[in-house]
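1. Provide a 3D model corresponding to the input given below.
(one chain, ligands or ions: 1)
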Amino acid sequence: MIKRNPSIANIKAGYLFPEIAKRRREYAAAHPEANIISLGVGNTTEPILPHIDAGLVNGAKRLSTAEGYSGYGDEQGLTGLREKIAEVIYQGKVKSEEVFISDGAKCDIGRLQLLFGAGIPVAVQDPSYPVYVDGSVLIGAAGAWAGTGYGGISYLPCTAENDYFPDLSLIPENGLFYFCSPNNPTGAVANREQLGALVAAALRKGSVIIYDAAYAEYIRDPALPKSIYEIAGARTCAIEVNSFSKPAGFTGVRLGWTVVPLELSYASGEKVNADWNRICTTIFNGASNIAQAGGLVALESEGLKEIRELCDFYLGNAKLIRQALRELDITCVGGDNSPYIWARFPGRDSWEVFAEILEKCQVVTTPGAGFGPAGQSFIRFSAFGHRTDVEEACKRLSKLRITTDHTD
Ligand SMILES: *Cc1c(COP(=O)(O)O)cnc(C)c1O
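-> Residues are numbered from 1 along each chain as shown. Coordinates of the predicted model:
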């Protein structure tokens, strides 16, 4: 018989969201009358706005015409879209040949790991978006599970004590550091000074930053950087991934991009950009032409207005959730420049608090421990939801009396 890939065997069972779904199903089965509201998963809920949707529709319609039909396109994406991203998102700080269009940021994060393989040290913010760690395990870059984390992966705590920004002296040498800002799950956004220190640390250590900017369009404070390339030196140490999923509601449409600067090279001197091009052309066949047609109009001025409107809507939800938590005297961060609110329950186990909120309020949240050991006494509230559901959830939360150990 064929033998199982030992790296797959190494991955810990019970991925966070299936476990949450299971607990929700069990609760619903025991309480069939309950109207459960989810502030749990990071999935968009609101319709795609008309100008951007027309771009998708027109992209599909063109396929039925002899002049408009297109089959396989360039694996790197439509030249026009690469140029538009370089111009509109990066205002010329990035060249179009450094932009690679993808079917989403998560997929690219998985494929990016092929660039470096199994033989490198990996560091993540703790807590973090699960694909950084799980993808590293799949590629064989992690050791065995050791109770709260994998061997060979450095978990850099981001807690209330350090204002949710890690101790950069813990970044390994000649390795990869995954950094997400605005952060999922904490909602924290790194400022210019912090990102300057991050880039300086990566350059000093000879490490590469994988910068996940999937929530950049949620930044409302003009002083906060939206891209790592706003920081001097980032072009020699950082790869940036981004996506239309959260700003334009493209979670189901599937469209993202990755920037690999031409100045980024390996110890050998060879260019990372050339290898990324090779990976994209070898095991990826390009993003959907319909999705790319939507991406092109999303970056027109009317599309950008719709992106702003959609993000503002979710930020409005975030504000309601934050207010509800503050009234309960629950400490939280995030939600002002990001769609996530990270609430602190000192001395409590996050799965226990998750169960208590589900029991008392019929509201599904995400237990912080699912994002890493430092998430243990936190709950993530997601602002993705219909307004009426969020309002109802907040009303129910206001009745909540969660006990916390304030001596913590
Ligand atoms: C949702 C999300 C993404 C987006 O993934 P897509 O594959 O583009 O839908 C990427 N990173 C983080 C941190 C996310 O929360």
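2. Where does the record place the domain boundaries for the chain?
-> 6-48+303-397, 51-300 (automatic domain parsing).
3. Can you give me the end-to-end span of the longest one?
-> Domain 51-300 stretches 9 Å from its first residue to its last (Cα to Cα, to the nearest Å).
4. ok, now the first one?
-> With Cα to Cα as the measure, domain 6-48+303-397 spans 44 Å from end to end.
5. So which residues on the stretch 251-400 of the chain come close to the ligand?
-> 251, 256 (Cβ under 6 Å from any ligand atom). Every residue, glycine included, has its C-beta placed from N, CA and C.
6. Please identify the residue of the stretch 251-400 of the chain positioned nearest to the ligand.
-> Here the residue of the stretch 251-400 of the chain nearest the ligand is Gly256; by Cβ to the nearest ligand atom that distance is 4.1 Å.
7. circling back to that earlier point, any chance of the domains of the chain in JSON lines, plus mean neighbour count and mean pLDDT?
-> Output for those, formatted as JSON lines (neighbours: other Cβ atoms under 10 Å; pLDDT from 0 to 100):
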{"stretch": "domain 6-48+303-397", "mean neighbour count": "18", "mean pLDDT": "95"}
{"stretch": "domain 51-300", "mean neighbour count": "19", "mean pLDDT": "97"}
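8. Keeping just the C-alphas, turn the helix or strand harbouring Val199 into CSV.
-> Using DSSP states H and E, Val199 maps to helix 192-205. This file holds the C-alpha atoms of helix 192-205, laid out as CSV (Å, rounded to 0.1, in the frame of the first residue of the first chain):
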residue,chain,number,x,y,z
ARG,A,192,4.6,53.1,10.8
GLU,A,193,7.2,53.0,13.6
GLN,A,194,6.4,49.4,14.4
LEU,A,195,6.6,48.3,10.8
GLY,A,196,9.9,50.2,10.5
ALA,A,197,11.2,48.2,13.4
LEU,A,198,9.8,45.0,11.8
VAL,A,199,11.6,45.7,8.5
ALA,A,200,14.9,46.6,10.3
ALA,A,201,14.7,43.3,12.3
ALA,A,202,14.1,41.2,9.2
LEU,A,203,17.0,42.8,7.4
ARG,A,204,19.3,42.3,10.4
LYS,A,205,18.3,38.6,10.7
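9. which helices and strands does it pack with?
-> Helices and strands touching helix 192-205, as assessed by 3 or more Cβ pairs under 8 Å, 6 or more residues apart in numbering; DSSP states H and E, comprise strand 208-212.
10. Show me the contact partners of the helix holding Val199.
-> 165, 168-169, 171-175, 177, 179, 181, 190, 207-209, 223-225, 228, 230-234, 236-238 (Cβ atoms under 8 Å, 6 or more residues apart in numbering).
11. Tell me which stretches of the stretch 201-350 of the chain form strands.
-> Secondary structure of the stretch 201-350 of the chain (DSSP state E, counting those that start in this stretch): strands at 208-212, 238-243, 256-259, 332-334, 340-344.
12. and after the last one, which helix or strand comes next?
-> So that's strand 340-344. Taking DSSP H and E, what comes next after strand 340-344 is helix 350-361.
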